[in-house]
Structures are given as C-alpha cells and as structure tokens.
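Enquirer: From the sequence below, what's the structure:
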Amino acid sequence: MEYKITWNSLPQNLEELKALPEANLKTPEGTAALTIAALCVYPRDREECHRMLDFLRGPRPLSPMDKQFIRDRFMDGKDYIPRSYFKGATPQNDYTPDVPYVIEMEDSKAPMADQGYKILLVRSGGADSARSITLRNKPSTGEWFLWDQMLLAGIRVPVSQDAWA
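Expert: Have a look, this model is predicted:
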C-alpha cells in the first residue's frame, strides 16, 4: 500500500508538531512522516529535535547512544539528508523540497516476525533505494510509535557541495 502525507509548512518545535493531525499517532505513516519532519529540525536545534523524537518514541525515549548515532549522521554538514525525503528534493536543487511538503511511502514487503510492528519504505531524492522506518503499535492506546529508523544513511551530496559536479 502507498501513503502520502502533505503539509503546507514543517513543524519547528514540539508544540507545532503536536498541532498536526498526524500527531494523534493513530497511523504508522503519520508517525513516520513526523519523524522525518523532526529530523529536519536537528541542524537548527538538537534539543528540540530530541524532544520531538522522544514524543514520537512514546514510552521509549532516546538513549544517549541514540543521540550519539543521530549526531554522527549529521556530522560534516549533512543537514540535507532528512530534506531528501520530501517530493522534489534532489542533489541538483540542494535538496530543496517542493511546497507544499509531500512525503510518499509504501509498505515493506519484508514480513515482521512479531505482530504490532510495521515497516514503511521512504524514497530519498539522493539514494537509489528506499530507506526503512519501523513503527510499533501500542495496543492499549492504538498509537503507533517510532521504533527504529534507517533514514540517516548517506546519500549523494548536493551539487553545490560536489567538487566533481
């Protein structure tokens, strides 16, 4: 199945994120899209990004190791990686997304060993293959929380930063 989430603007903090309809966390694709939006905040405000991700992770906040992993992925000015998941963002335009902001994703074909998990695949304008994000359902509330993400792996550098372009 394919999903599409559209926003006119991106949340800049936890309060703005919580104001979006997807923040009810009732769909895995909504939580996945909010994760990408939260990661876009990291280059400007690490602590706010952590707050947003903690909300999306529910009863399992970021560990010091999780924070270190995210920090390492953003080293060397790779702030463009999360923007690459929005429609229209490519190396040629320095990963500048179209507005309104659109994220498209699809169900993974990989079977999940345990019930209550869902893997979604998101395409990056700078990668040849889709990246996965795993969500976990909390049956008592029906909410979908961020469990794991492989969204910050390297992609092609923007043309403006590519010495060989």
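Enquirer: Can you give the contact residues for stretch 153-165?
Expert: With contact meaning Cβ atoms under 8 Å, 6 or more residues apart in numbering, stretch 153-165 is reached by 73, 77-78, 80-81, 84, 91-92, 94-95, 124, 126-127, 131. To be clear about C-beta, it is placed using only N, CA and C from the backbone, and glycine gets the same treatment.
Enquirer: Please enumerate the strands of the chain.
Expert: Along the chain, counting by DSSP state E, strands occupy 2-7, 101-107, 117-122, 131-138, 143-149.
Enquirer: Which residues does stretch 121-132 contact?
Expert: Contact partners of stretch 121-132, identified using Cβ under 8 Å, 6+ apart, comprise 32, 36, 80-81, 84-86, 88-91, 95, 103-108, 119-120, 133, 149-151, 153, 155-157.
Enquirer: Just the buried residues of it, please?
Expert: Judged by neighbour count using 16 or more other Cβ atoms under 10 Å, the buried positions of stretch 121-132 are 121-127, 130-132.
Enquirer: swap in stretch 79-96?
Expert: Judged by neighbour count (16+ other Cβ under 10 Å), stretch 79-96 contains these buried residues: 80-87, 89-91, 95.
Enquirer: follow-up on the earlier one: adding pLDDT and distance to Thr27 as columns, could you present the buried residues of stretch 121-132 in a markdown table?
Expert: As requested, those are exported to a markdown table (pLDDT from 0 to 100; distance: Cβ to Cβ, whole Å):
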| residue | pLDDT | distance to Thr27 |
| --- | --- | --- |
| Leu121 | 97 | 16 |
| Val122 | 98 | 15 |
| Arg123 | 96 | 19 |
| Ser124 | 97 | 21 |
| Gly125 | 97 | 24 |
| Gly126 | 97 | 26 |
| Ala127 | 97 | 24 |
| Ala130 | 97 | 19 |
| Arg131 | 97 | 19 |
| Ser132 | 96 | 17 |
